[in-house]
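Trainee: Next comes the sequence, and after it the predicted model I'd like to discuss.
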Amino acid sequence: MKKIALFLSFPFLVMIFMSCSKNSSCSAVDTNKVAPAAEIANLQDSLAKYGIEATQHPSGIFYKIINPGSGGIVSNLCTQVSATYWGGFFDGRSFDQSSSPLTFTLGATIVGWHKGIPLVKEGGEIEIYIPPSLGYGNEDMKDNNGVVVIPKNSYLVFKVKVVKFS
């Protein structure tokens with residue numbers, strides 16, 4: 001449970017979540033943020049090194065749709081997403097995972113998820129490869145004991161199975 005709390009409890013995520021209050025407009029599906037060319041090139045190198053074939057999104061994330069799904073779709077950043085996921089690094093080390101569905105507001109996640117999750121429908125499964133600027137950036141992410149779980153400037157891998165959007 002501590003791992004799940006780590007994923008959703010970073011201080012800057014609270015500010016993003018607050019943007020999805022009842023008094024705000026939730027019409028945009030994602031932000032205009034795009035990864036720098038150098039990060040995209042480094043991400044391409046990692047994909048090649050590990051023999052991963054993935055599609056590049058205009059934002060700079062890469063993705064592989066395992067199952068497109070057939071249910072509902074994301075309507076905006078305030079969409080509630082129920083999903084299971086694995087989060088880790090290219091070398092296979094995991095920093096977070098949920099084997100039971102976890103429900104969260106899309107806008108309360110990293111930008112890489114804002115871009116990747118809407119690419120599938122309910123029931124879909126996607127792998128998302130995220131450069132640092134669309135992940136946790138240049139700050140170390142620490143657990144409740146102060147131990148660095150995600151080093152700054154990390155390239156991230158997420159395997160997400162969407163159960164439901166609401």
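Mentor: Arrived safely, thanks for sending.
Trainee: and Ile52, what does it touch?
Mentor: For Ile52, the contact set (C-beta atoms under 8 Å, 6 or more residues apart in numbering) comprises Lys64, Tyr129. Every C-beta, even on glycine, is put in place using the N, C-alpha and C of the backbone.
Trainee: secondary structure class for it?
Mentor: coil (DSSP: H, G, I helix; E, B strand; the rest coil).
Trainee: buried set for stretch 125-133?
Mentor: Glu125, Ile126, Glu127, Ile128, Tyr129, Ile130, Pro131, Pro132, Ser133 (16 or more other C-beta atoms under 10 Å).
Trainee: Serialize these to TSV and add fields for pLDDT and distance to Lys142.
Mentor: Below are these laid out as TSV (pLDDT from 0 to 100; distance: C-beta to C-beta, whole Å):
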residue	pLDDT	distance to Lys142
Glu125	98	30
Ile126	98	27
Glu127	98	26
Ile128	98	23
Tyr129	98	23
Ile130	98	19
Pro131	98	21
Pro132	98	16
Ser133	97	20
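Trainee: which parts of stretch 91-111 are buried?
Mentor: 95-98, 102, 104-111.
Trainee: In helices, which of these appear?
Mentor: Val111 (DSSP state H).
Trainee: And the buried residues of stretch 91-111, which is closest to Pro58?
Mentor: Val111 (12.8 Å; C-beta to C-beta).
Trainee: Can you report how many residues lie near the closest residue to the closest one other than its chain neighbours?
Mentor: Closest residue to Val111 apart from its sequence neighbours, by C-beta to C-beta, 6 or more residues apart in numbering: Leu134 at 4.4 Å. Using other C-beta atoms under 10 Å, Leu134 has 27 neighbouring residues.
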